[in-house]
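Engineer: All I have is the shape, not the residue letters:
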Ligand SMILES: NC(=O)c1ccc[n+]([C@@H]2O[C@H](COP(=O)([O-])OP(=O)(O)OC[C@H]3O[C@@H](n4cnc5c(N)ncnc54)[C@H](OP(=O)(O)O)[C@@H]3O)[C@@H](O)[C@H]2O)c1
């Protein structure tokens with residue numbers, strides 16, 4: 001698996017497995033399957049309600065902890081520093097992990113400065129290998145980076161062929177923050193899986209729309225974490241490292257950008 005190096009030297013796989021909207025009942029099997037077929041990076045969150053099952057699957061997988069990269073996200077909307085300190089320990093306890101590879105603040109919550117301070121302390125104490133944010137649009141992202149001590153290693157934002165985030169990526173790059181895509185398939189919105197442009201390009205390489213969409217983001221240096229509950233799709237979504245989209249293909253896909261969110265909450 002190819003990886004990127006974060007701004008603190010920690011290596012992160014460029015492709016991982018997301019577990020949003022996977023019920024606690026199904027999550028253990030899905031994460032076990034994902035690790036079994038070769039994923040080494042798992043993206044969960046407190047609000048997904050499946051951290052415990054992610055932890056169980058990790059232990060059952062038999063893969064050494066140091067060979068896995070586990071991300072979770074703090075979800076504490078109406079709180080600040082003090083609650084964040086407890087929430088970080090809660091995630092470690094729920095997953096039964098000694099450390100988390102990447103901890104993100106799920107959204108720019110009310111007191112995001114206070115919450116981020118707690119994350120910086122957890123990072124400095126060694127509980128967390130890298131810290132970052134999610135859903136920080138450029139204005140609020142810059143407000144945080146201008147005042148924090150530890151520049152976010154990652155900003156996870158809605159990124160797919162219909163919302164390409166080129167300008168936001170450029171701003172993050174100036175600060176050494178890695179952009180990570182959530183919903184790399186736009187959760188199937190806009191008829192992603194039958195889009196004609198992706199289909200035509202995919203036919204040249206014998207690849208699906210899903211694979212072309214992921215490859216496009218990877219070639220732009222964006223970390224991707226596709227979700228699927230189907231083992232065969234998990235395999236398909238990982239099979240994106242044996243072809244390269246041409247400059248012409250990249251230019252055609254760039255034209256699909258609508259420059260707006262397809263999700264009502266951002
Ligand atoms: N930070 C945030 O606020 C935030 C928000 C949203 C998501 N995320 C993270 O990003 C991850 C990915 O985003 P997402 O889960 O929202 O959506 P996504 O990965 O864009 O799309 C998932 C959907 O695509 C389907 N699918 C997957 N592979 C497929 C394939 N090869 N062919 C056809 N259909 C396929 C899945 O169905 P099946 O499961 O039935 O295969 C599911 O309905 C999440 O799991 C989560 O970890 C973060």
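Structural biologist: That came through, no problem. Every value quoted in this text rests on a predicted model; they were computed, and no experiment measured them.

Engineer: Okay, and residue 181 sits in which element?
Structural biologist: Here residue 181 sits within strand 178-182, counting by DSSP states H and E.

Engineer: Quick one: list the elements packing against that strand.
Structural biologist: Packed against strand 178-182 by the contact rule (3 or more CB pairs under 8 Å, 6 or more residues apart in numbering; DSSP states H and E) you find strand 154-158, helix 166-174, strand 223-224. From N, CA and C alone the C-beta is placed, and that goes for glycine too.

Engineer: just those: most buried one?
Structural biologist: Among these, ranked by average contacts under mean count of other CB atoms under 10 Å, first place goes to strand 223-224 (a mean of 26).

Engineer: which one of the helices and strands packed on strand 178-182 lies closest to residue 53?
Structural biologist: strand 154-158 (20.7 Å; CB to CB).

Engineer: Sheet-wise, list the partners of that closest one with their directions.
Structural biologist: Sheet pairing for strand 154-158, assigned by DSSP bridges, gives strand 128-134 (parallel), strand 178-182 (parallel).

Engineer: by how many degrees do it and helix 166-174 diverge?
Structural biologist: 170 degrees (axes from the mean of the first three to the mean of the last three CA atoms, to 10 degrees).

Engineer: What residues does the protein have near the ligand?
Structural biologist: 18-21, 43, 106, 134-135, 156, 182-188, 193, 208, 210, 225-230, 233, 236-237 (CB under 6 Å from any ligand atom).

Engineer: Show me which of those are buried.
Structural biologist: 18-19, 43, 106, 134-135, 156, 182-187, 208, 210, 225-229, 236-237 (16 or more other CB atoms under 10 Å).

Engineer: Including mean pLDDT, could the strands paired with strand 154-158 go into JSON lines?
Structural biologist: Shown next, in JSON lines, are the strands paired with strand 154-158 (pLDDT from 0 to 100):
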{"stretch": "strand 128-134", "mean pLDDT": "98"}
{"stretch": "strand 178-182", "mean pLDDT": "98"}
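
Engineer: Tabulate those strands (TSV), appending distance to residue 97.
Structural biologist: What follows is those, written out as TSV (distance: least, CB to CB, whole Å):
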stretch	distance to residue 97
strand 128-134	10
strand 178-182	20
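
Engineer: Contacts only, for the residue of the chain found nearest the ligand.
Structural biologist: Nearest to the ligand, among the residues of the chain, is residue 18, at 2.4 Å (CB to the nearest ligand atom). Residue 18 makes contact with 43, 182, 225-227, according to CB atoms under 8 Å, 6 or more residues apart in numbering.

Engineer: Can you pull the phi and psi angles for it?
Structural biologist: Phi and psi for residue 18, reported as degrees, to the nearest 10, are phi -100, psi 150.

Engineer: How confident was the prediction at it?
Structural biologist: Listed pLDDT for residue 18 reads 98.

Engineer: one step back: and of the strands paired with strand 154-158, who's closest to residue 259?
Structural biologist: The nearest among these, by CB to CB, is strand 178-182 at 15.6 Å.

Engineer: Give me the residues contacting that closest one.
Structural biologist: With contact meaning CB under 8 Å, 6+ apart, strand 178-182 is reached by 4, 6-7, 12, 18, 20, 132, 134, 153-160, 165, 168-169, 172, 217, 221-225.

Engineer: Pull out the buried residues from the helix or strand following it.
Structural biologist: Later in the chain than strand 178-182, the nearest helix or strand by DSSP H and E is helix 196-205. Within helix 196-205, the residues scored as buried using 16+ other CB under 10 Å are 198, 201-202, 205.
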